[in-house]
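Visitor: any chance you could fold what I've pasted below:
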Amino acid sequence: MIGIYTLNNGLNIPQMGLGTYPYTDALIQSIPFAHGVGYRLIDTADNYNNEEYVGKGLNKCDLSETFVMTKFSQPFRTNDLEKCFEESKEKLGVINIYLLHWPYPYLWKIQWRKMEELYFSGKCEAIGVCNFDLGYLKELLSFCKVRPVINQFERHPLFQQQELVNYCHDNDITVLAYSPVARMDKELHENPALKKIAQKYGKSVSQVILRWDIDTNCIPIPASSSERHISENFDVFDFVLNEEEIAIINSLDSMKRVRYNPRTRFSKKERVKMLMYWSGVYELLRKIKNHRRNDTI
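Guide: All right, here's what the predicted structure looks like:
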């Protein structure tokens, strides 16, 4: 039976969530199916370009039991963060947890202050972050008024980020693991030790990995639109890994990312553009450009 985690602000959320990237119209059917299987935590983001489809799927579900989580991913709309939240909410129907998608250079501290304002206003039940490594997270905790309830980042047996996981746990920040099965990386899924553990429990390697997340106090959010995979991914609450098996999986860490590094995620050009936005130059140039366009018209 699926359990719950209590976030640091008292909100309870399930031990597993459903990722929705990169799916679109398939979500209209797959989300109600997942809800029927037992999923109650749905994860999306404004730049996945699928919030409208997630919302249509959620319309077929009992939202009183469902936690909807989306992300702010619009660095050049920082001044309109609340408006972005409302636009996402209109598409989704409800937002329970709002996350800052990346530590956007020069802007993320301003964005977090605006997230805190949203939380204090009561417009969302919880706020958190994504892709904050140890350095960024320590810096955030040094000034924040509201401690993030969640840090969502890449985590799987090939890239475990255990120091970051430990820091989150020590500071009462719940870990959500995205890409938890490493996008079906062959190095992981063809691993003999994992296959042996899977055979012992009559499970797939993916199921063993998801159980490892749960048994190490992390929330996996596997993404799928396939009914078979959605059902299989959720079927991990009838067994528990022992300490030896967890140690075997822990030993597989090879520091192999399958997604972006937050320190190198943004190009030099993007960073300069964010600096210009932060300094006000970006807005000034936009106004000049619009003025010239109007004069031409």
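Visitor: please pull out the lowest mean pLDDT helix or strand from this structure.
Guide: For the chain, using mean pLDDT, DSSP states H and E, the weakest element among its helices and strands is helix 281-296, scoring a mean of 61.
Visitor: do a quick rundown of the strands in the protein.
Guide: Per DSSP state E, the chain carries strands over the ranges 4-6, 12-14, 18-19, 41-43, 67-72, 97-100, 126-130, 150-154, 174-178, 218-220.
Visitor: how about the contacts made by residue 168?
Guide: Listed by Cβ atoms under 8 Å, 6 or more residues apart in numbering, the contact partners of residue 168 are 137, 151, 174-175. The way it works is simple: take the backbone N, C-alpha and C, and place the C-beta from them, glycine included.
Visitor: and of the residues you listed, the nearest to residue 32?
Guide: Closest approach to residue 32 among the contacts of residue 168 (Cβ to Cβ): residue 174, at 26.1 Å.
Visitor: show the contacting residues for that closest one.
Guide: Residue 174 makes contacts with 5, 7-8, 13, 128, 149-151, 168, 219, as judged by Cβ under 8 Å, 6+ apart.
Visitor: mean pLDDT and distance to residue 190 added to the strands of the chain, as a markdown table?
Guide: Listed next are those as a markdown table, based on pLDDT from 0 to 100; distance: least, Cβ to Cβ, whole Å:
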| stretch | mean pLDDT | distance to residue 190 |
| --- | --- | --- |
| strand 4-6 | 95 | 31 |
| strand 12-14 | 96 | 30 |
| strand 18-19 | 98 | 23 |
| strand 41-43 | 98 | 28 |
| strand 67-72 | 98 | 32 |
| strand 97-100 | 98 | 33 |
| strand 126-130 | 98 | 29 |
| strand 150-154 | 98 | 20 |
| strand 174-178 | 98 | 21 |
| strand 218-220 | 98 | 20 |
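Visitor: thinking again about what came up before, dump the contacts of residue 174 to JSON lines, plus distance to residue 26.
Guide: What follows is the contacts of residue 174, written out as JSON lines (distance: Cβ to Cβ, whole Å):
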{"residue": "5", "distance to residue 26": "28"}
{"residue": "7", "distance to residue 26": "30"}
{"residue": "8", "distance to residue 26": "34"}
{"residue": "13", "distance to residue 26": "24"}
{"residue": "128", "distance to residue 26": "27"}
{"residue": "149", "distance to residue 26": "29"}
{"residue": "150", "distance to residue 26": "26"}
{"residue": "151", "distance to residue 26": "28"}
{"residue": "168", "distance to residue 26": "32"}
{"residue": "219", "distance to residue 26": "23"}
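Visitor: report the separation between the closest residue in space to residue 99 that isn't next to it in sequence and residue 153.
Guide: Leaving out its chain neighbours, the residue that sits closest to residue 99 by Cβ to Cβ, 6 or more residues apart in numbering is residue 71, at 4.4 Å. Distance of residue 71 to residue 153, given as Cβ to Cβ, to the nearest Å: 12 Å.
Visitor: do residue 23 as well
Guide: Residue 23 is 21 Å from residue 153, by Cβ to Cβ.
Visitor: cool, residue 29 as well?
Guide: Residue 29 is 29 Å from residue 153, by Cβ to Cβ.
Visitor: between these two, which one's more packed in?
Guide: Set residue 29 next to residue 153 and count neighbours by other Cβ atoms under 10 Å: residue 153 wins out with 24 against 15.
Visitor: list the residues that contact the more buried one.
Guide: Going by Cβ under 8 Å, 6+ apart, residue 153 touches 130-133, 161, 164, 175-178.
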